[in-house]
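**Q** give me the fold of what follows.
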Amino acid sequence: MSGGRAQRVILFVHCADEWYGSDYVLHEAARALEGTEFRPVVVVPDDVASDIPNDRRLSARLSAAGVTVHRLPVAVLRRRYMSPAGIAALMKRRRVARRAVLDAIAGLDVALVHSHTAGVMTGASVARALGVPHLWHVSEIVERPRAVARWLARRISARADRVVAVSHAVRDHLVALTPGIASRATVIHNAIDATRFDGVDARAERLRLSPDDACLVGLVGRVGMQKGQEILLEAMRDVVRDTPDVRIALIGGVLDRNFEALERLRALAASAGLAHRTTIDGYAVDVAPSLAAMDIVVQPSTRADSFPTTVLEAMASGKPVIASDNGGSREMVVHGETGFIVPSGDVAALAAAVTKLVRDPALRARMGAAGRARVIANFGPARFREGYLREYRALCASAASTTSRATASRSTRASA
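**A** Below is the predicted model of the structure:
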């Protein structure tokens, strides 16, 4: 209850049930409703609908916080559907998913539907069936196949009353594909609670990743998502020629059980002469100890990465960040102040930036402190919470006004 009135439901429809960047953001968006006139109900894919292994960490955390979670056959656009035949199969699945969601939420006072990530196809049809506003949260930059990118942008534009992009890079990409969306698209950056990274005991992790206490250069991200692990290894081959007192940590596991990509990465480390100084780890439930153990964090994405959460986490950990000049990293990292921005795929530029930081511990400390201060000032939970509540309230007020005008119009016609 809030203010003596029953809370209305914000229905979140999400793309996965894991604990990666988008799952963390969904968790924070749902928790942001605490103490407001709204309460969250969350729909995540069941095992059949997921198309990928789910560890159920998101639903477990939400349930522990008292949030109602339904695991249902959500229709989600994934790489395997990125063809005309795949899109047709996905739309068929969407109809089944819509019915399952409507049955699960029957009787609830749903204020609006929040589709969380661009690939979620179920939310729009559920909102239309309920006659409530639809907010589409977009956290991806889909560039290829080009036909699918255009189709997705047009669909988002046609089916969303409001679009929230996680970065200006995402918004600009959508507007370029479908200019008509511009007036309904805004940016709310993802947030990090910097206190999560306070007082982390990283001694054991540091000893494991850098037993000789060499400068530790790390990357957090799943292999197979073009996070740039290969680029980093190629750059580190150049770095260690002049500054050999360096170790490397690659943490994050694989995407869609793509173990072949993992083996290729290990082979590259060996061929580059880096195997003995490189640790390649799987998924980490909590990356805070690993980040605290690192001296430099690198995010050399080879594609436009919308707004990588690990960059914010690294900055909150007080680490300098070197990131590619694409996507949302440019909105987080201030070149020369909190780290360096380097051209995507430029091995020489990446090697030069890493070398500069390896050789200058004082610079690392200054940039790390500046990065943490920037996170606290610009990417904290309060701003995130206020942004979404503003959008929810505006959509609900607009819907109520439209209903009121329609009712008044019907009354006028009836009395005429």
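**Q** and the gap between residue 122 and residue 101?
**A** In this view, residue 122 and residue 101 are 6 Å apart by CB to CB, to the nearest Å. Quick note: C-beta positions are derived from backbone N, CA and C, even for glycine.
**Q** quick one: average pLDDT of the helix or strand residue 267 falls within?
**A** Per DSSP states H and E: residue 267 is located in helix 259-271. Helix 259-271 shows a mean pLDDT of 90.
**Q** list the buried residues of it.
**A** 261-262, 265, 268-269 (16 or more other CB atoms under 10 Å).
**Q** helix or strand right after that helix?
**A** Counting by DSSP H and E, the element after helix 259-271 in chain order, helix or strand, is strand 278-281.
**Q** got the contact list for that next one?
**A** Strand 278-281 is contacted by residues 208-209, 233, 247-253, 262, 265-266, 269, 290 when judged by CB atoms under 8 Å, 6 or more residues apart in numbering.
**Q** put the buried members of those residues into a ChimeraX selection.
**A** The buried residues among these can be selected in ChimeraX (16+ other CB under 10 Å) with this line:
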select :209,233,247,248,249,250,251,252,253,262,265,269,290
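**Q** what about the contacts of strand 278-281, which are in strands?
**A** Under the assignment DSSP state E, those contribute 247-251 to strands.
**Q** would you confirm that residue 56 contacts residue 17?
**A** Yes. Proximity of residue 56 to residue 17 meets the contact threshold set by CB atoms under 8 Å, at 5.1 Å.
**Q** and these two? which has more neighbours close in?
**A** More neighbours surround residue 17 than the other of residue 56 and residue 17, with 25 against 15 (other CB atoms under 10 Å).
**Q** picking up where we left off before, which one of the ones in strands among the contacts of strand 278-281 sits closest to residue 160?
**A** Taking CB to CB as the measure, residue 160 lies nearest residue 251 of the ones in strands among the contacts of strand 278-281, at 34.7 Å.
**Q** what does the pLDDT read for the closest residue to that closest one other than its chain neighbours?
**A** Take residue 251 and drop its neighbours on the chain: the residue closest to it by CB to CB, 6 or more residues apart in numbering is residue 281, 4.5 Å away. Residue 281 is assigned 89 on the pLDDT scale.
**Q** pull the number of nearby residues for residue 281.
**A** Residue 281: 15 neighbours (other CB under 10 Å).
**Q** residue 364 too?
**A** 20.
**Q** checking it next. Helix, strand or coil?
**A** Per DSSP: H, G, I helix; E, B strand; the rest coil, the secondary structure class of residue 364 is helix.
**Q** and it, how far from residue 208?
**A** Distance from residue 364 to residue 208, counting by CB to CB: 21 Å.
**Q** repeat for residue 7
**A** 46 Å.
**Q** repeat that for residue 116.
**A** Counting by CB to CB, the separation of residue 116 from residue 208 is 35 Å.
**Q** before we move on, back to that, list the residues that are in contact with both of residue 56 and residue 17.
**A** Contacts common to residue 56 and residue 17, judged by CB under 8 Å, 6+ apart, are residue 71.
**Q** what ranges do the helices span in the stretch 101-250 of the chain?
**A** In the stretch 101-250 of the chain, the segments counted as helices under DSSP state H, counting those that start in this stretch are 122-130, 146-159, 168-177, 203-209, 229-242.
**Q** CA atoms only: put the shortest one into CSV for me.
**A** What follows is helix 203-209, C-alpha atoms only, in CSV (Å, rounded to 0.1, in the frame of the first residue of the first chain):
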residue,chain,number,x,y,z
ARG,A,203,43.6,-10.3,-1.1
ALA,A,204,42.8,-13.9,-2.0
GLU,A,205,41.6,-12.9,-5.5
ARG,A,206,44.8,-10.8,-6.1
LEU,A,207,47.0,-13.7,-5.0
ARG,A,208,45.1,-16.0,-7.4
LEU,A,209,45.2,-13.7,-10.4
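**Q** so how far is it off the chain centroid?
**A** 28 Å (CA atoms, centre = their mean, to the nearest Å).
**Q** list the buried ones in it?
**A** Neighbour-count burial for helix 203-209 [16+ other CB under 10 Å]: 205-206, 209.
**Q** now distance to residue 85 and pLDDT too, for those residues, in CSV please.
**A** Listed next are those as CSV, based on distance: CB to CB, whole Å; pLDDT from 0 to 100:
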residue, distance to residue 85, pLDDT
205, 46, 96
206, 50, 97
209, 45, 96
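**Q** now, which of the residues you listed sits nearest residue 298?
**A** Distances from residue 298 to the buried residues of helix 203-209, taken by CB to CB, are shortest for residue 209, at 14.3 Å.
**Q** and the gap between that closest one and residue 126?
**A** As judged by CB to CB, residue 209 and residue 126 stand 45 Å apart.
**Q** same deal with residue 42?
**A** From residue 42 over to residue 126 (counting by CB to CB), the distance is 13 Å.
**Q** so the closest residue to residue 185 other than its chain neighbours bridges to which residues?
**A** Leaving aside its chain neighbours, residue 185 sits nearest to residue 163 (4.2 Å; criterion: CB to CB, 6+ apart). When bridges are taken as DSSP bridges, the partners of residue 163 come out as residue 136, residue 185.
**Q** and residue 163, what does it touch?
**A** Contacts of residue 163 (CB under 8 Å, 6+ apart): 135-138, 156-157, 171, 174, 181, 184-186.
**Q** rerun that using 6 Å as the cut-off
**A** By CB atoms under 6 Å, 6 or more residues apart in numbering, residue 163 lies in contact with 136, 184-185.
**Q** residue 305 - how many residues pack around it?
**A** Around residue 305 there are 28 residues (other CB under 10 Å).
**Q** quick one: low-confidence ranges for the stretch 1-150 of the chain?
**A** In the predicted model of the stretch 1-150 of the chain, residues 1-5, 47-54 satisfy pLDDT under 70.
**Q** show me where it has its strands.
**A** With strands called from DSSP state E, counting those that start in this stretch, the stretch 1-150 of the chain shows them at 8-14, 38-45, 68-72, 110-116, 134-138.
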